[in-house]
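K.L.:
Everything below, folded, please.
(one chain, ligands or ions: 1)
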Amino acid sequence: MKLLEGKNVIITGASRGIGKGIAQVFAEHGANVAFTYSSSEAPALALEKELTAKGVKAKAYKSNAASFEASEQLVANVLEDFDGIDVLINNAGITKDNLLMRMGEEDFDSVIEINLKSVFNMTKAVQRTLLKQRKGSIINMSSVVGVKGNAGQTNYAASKAGMIGFTKSVALELGSRNIRCNAIAPGFIETEMTEKLDEKVVEGWRNAIPLKRGGAPEDVANACVFLASDLSAYITGQVLNVDGGMLT
Ligand code: NAP
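P.N.:
As a prediction, this is how the structure comes out:
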């Protein structure tokens with residue numbers, strides 16, 4: 001059953017990893033997909049082709065989610081290319097891990113700007129459109145690390161915890177207009193982001209997961225389908241853990 005037939009979605013950071021998985025699964029559910037990338041042009045254009053071949057409208061945009069002006073311009077461009085926006089998925093994110101003792105100011109600031117400020121930028125940019133149509137679903141890609149913290153990730157954990165506060169506040173502000181805002185807290189999902197981790201750390205994470213495996217981008221994408229679709233019409237302001245039971 002196609003759950004997102006004809007819906008228009010914007011996904012930030014979909015050239016690879018979880019964002020790409022979301023774009024693929026959304027297209028299979030009949031959604032038209034506008035998505036961004038930062039520098040991976042060739043993979044982004046290949047994905048645009050792949051999605052279009054599934055019979056939906058798809059377009060890749062190079063856009064820096066950390067920039068307020070670029071986010072406004074992106075949404076204006078998407079509105080010209082697509083006939084509206086139903087779903088926003090704030091997925092773009094980076095890590096710059098280090099112990100606090102060794103973390104430079106630049107590494108703190110850039111993670112906050114790309115992971116958290118981007119959510120403000122994009123939500124502000126789509127807000128008017130969603131308010132006018134009196135419906136919409138916003139999904140913010142947080143992390144279990146934003147809920148429980150993680151040594152060596154003060155910058156990342158702060159950005160992901162900030163996303164949860166932002167999500168709940170937007171849900172309170174926009175609920176009366178039928179605009180829902182939820183967060184997903186993925187656990188250990190195997191992508192290029194987690195490839196950077198030390199194998200010993202990865203083994204530790206896997207052992208701590210009740211389902212005894214890392215997640216795949218599709219695991220997160222399926223949760224996004226639920227939160228984007230009318231199946232979750234009465235759910236807002238929530239954090240959905242997609243973590244194999246890690247936080248249980
Ligand atoms: P990834 O494989 O590193 O992919 C990151 C994506 O974000 C890429 O498409 C990248 O584009 C894009 N991006 C980076 N900086 C950007 C910017 N300034 N503007 C626009 N796009 C930008 O990461 P992932 O593992 O798929 O993670 C996706 C999201 O899930 C992130 O928010 C991450 O924090 C969150 N998450 C991941 C895990 C996990 O275990 N993997 C767990 C919890 C939460 P380019 O390819 O052009 O660089």
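
K.L.:
Flag every residue of the protein that's near the ligand.
P.N.:
12-19, 36-40, 64-66, 91-94, 114, 141, 143, 186, 188-189, 191-194 (C-beta under 6 Å from any ligand atom). Backbone N, C-alpha and C define where each C-beta goes, glycine included.

K.L.:
so how far is the longest strand along the chain off the chain centroid?
P.N.:
In the chain, assigned by DSSP state E, the strand with the most residues is strand 179-186. For strand 179-186, the gap between its own C-alpha mean and the chain's C-alpha mean amounts to 9 Å (C-alpha atoms, centre = their mean, to the nearest Å).

K.L.:
so how far is Ser169 from Ala183?
P.N.:
Ala183 sits 11 Å away from Ser169, taking C-beta to C-beta, to the nearest Å as the criterion.

K.L.:
the more surrounded of the two?
P.N.:
The neighbour count for Ala183 versus Ser169, taken as other C-beta atoms under 10 Å, is higher for Ala183 (29 against 12).

K.L.:
beta partners for that one?
P.N.:
For Ala183, the beta-bridge partners are Asn140, Val239 (DSSP bridges).

K.L.:
And it, what's its pLDDT?
P.N.:
Per-residue confidence (pLDDT) for Ala183: 99.

K.L.:
same check, this time on Gly187
P.N.:
Model confidence at Gly187, given as pLDDT, is 96.

K.L.:
The residue nearest to it when sequence neighbours are not counted: neighbour count?
P.N.:
Distances taken as C-beta to C-beta, 6 or more residues apart in numbering put Asp243 closest to Gly187, at 2.7 Å, once the chain neighbours are dropped. Other residues near Asp243 come to 25 when the count uses other C-beta under 10 Å.

K.L.:
shouldn't Asp243 be in contact with Trp205?
P.N.:
No: contact between Asp243 and Trp205 fails when scored by C-beta atoms under 8 Å: they sit 10.0 Å apart.

K.L.:
quick one on the thing from earlier: which element follows the longest strand of the chain toward the C-terminus?
P.N.:
Counting by DSSP states H and E, the next helix or strand C-terminal to strand 179-186 is helix 192-195.
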